[in-house]
Every structure is written in structure tokens, then in C-alpha cells.
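Participant: Structural data only, the sequence is not supplied:
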């Protein structure tokens with residue numbers, strides 16, 4: 001009975017050693033990501049809740065823009081304190097207005113600054 005328990009313990013320790021060896025490359029990434037994320041939260045004047053809201057606004061707005069405008073335009077946006085800045089290029093004035101309307105309807109958006117240029121897509 002003691003022999004079976006020792007064998008099971010040895011196998012468990014061996015498996016743990018193999019797994020920890022496989023994960024050693026991830027440790028610096030996890031620790032570095034936590035430090036970088038923590039320092040970004042510490043240097044930003046917005047509350048963490050506002051930062052999360054802004055991130056959610058960006059994700060929802062970009063998804064809706066892609067589904068409506070698609071490859072016709074190149075649109076970037078930045079949300080800060082629920083104010084959205086639109087930059088990039090669209091092929092016509094109708095698409096410029098459409099993008100602004102789409103973003104203004106996203107939940108928690110207070111205002112939209114539309115700096116989209118009516119022109120062909122940039123190469124970069």
C-alpha cells in the first residue's frame with residue numbers, strides 16, 4: 001500500500017515538473033502583462049470603470065462600422081471619457097455621415113468628433 005502511494009506521489013511530482021517546464025515561457029508574459037496593465041491604469045486619469053466603458057464603446061462601434069461600411073473605408077476611432085474621435089478615410093460624404101450616425105447610437109457615447117476624410121483609402 002505504501003509503495004502505491006509513493007509511486008502515485010512520484011508520478012504527480014513528475015507531471016507537475018513537466019508542466020511547469022512547459023509553462024516557464026509564459027511566466028514573463030503574464031507578469032509583464034500584469035505590470036504593464038497596472039501601470040497603464042495608474043497613469044490614466046480616468047477611473048477603471050470609465051476605461052472599460054471606453055474600451056467597450058470602441059469594440060462595439062468598430063464592429064458596427066465594419067458590418068455597415070466594410071472595405072469601402074478605413075476608419076479608426078478612439079473613445080476617451082465617452083467622447084469618440086473618428087479618423088480615417090471614407091469614399092463619399094454619405095459614408096462619412098453613416099459612420100457618425102452608427103457611432104452616435106452606440107450605448108454610452110456622449111459625443112462624436114468626426115474627422116473622417118472623404119477620399120480613397122490610404123495605402124497604410
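Facilitator: Right, received. Where do you want to start? Nothing here was measured: the structure is a model prediction, and the numbers come from that model.
Participant: who's in contact with the helix or strand hosting residue 77?
Facilitator: For residue 77, the enclosing helix or strand under DSSP states H and E is strand 74-80. Here strand 74-80 makes contact (Cβ atoms under 8 Å, 6 or more residues apart in numbering) with 46, 54-55, 57-58, 61-62, 65, 69, 84-90, 99, 103, 109, 116, 121-122. For glycine as for every other residue, the C-beta is placed from the backbone atoms N, C-alpha and C.
Participant: That one pairs with which strands?
Facilitator: Applying DSSP bridges to the sheet, strand 74-80 is found paired with strand 83-90 (antiparallel).
Participant: Name the next helix or strand downstream of the partner strand, please.
Facilitator: Next element after strand 83-90 (DSSP H and E): helix 93-104.
Participant: And the next helix or strand past that following helix?
Facilitator: strand 111-118.
Participant: Just the buried residues of that following strand, please?
Facilitator: Neighbour counts using 16 or more other Cβ atoms under 10 Å place 112, 114, 116 of strand 111-118 among the buried residues.
Participant: Not counting its neighbours along the chain, what's nearest residue 116?
Facilitator: Leaving aside its sequence neighbours, residue 116 sits nearest to residue 96 (Cβ to Cβ, 6 or more residues apart in numbering; 4.8 Å).
Participant: The one you found touches residue 89, doesn't it?
Facilitator: No - the pair residue 96 / residue 89 is not scored as a contact, 9.4 Å apart, by Cβ atoms under 8 Å.
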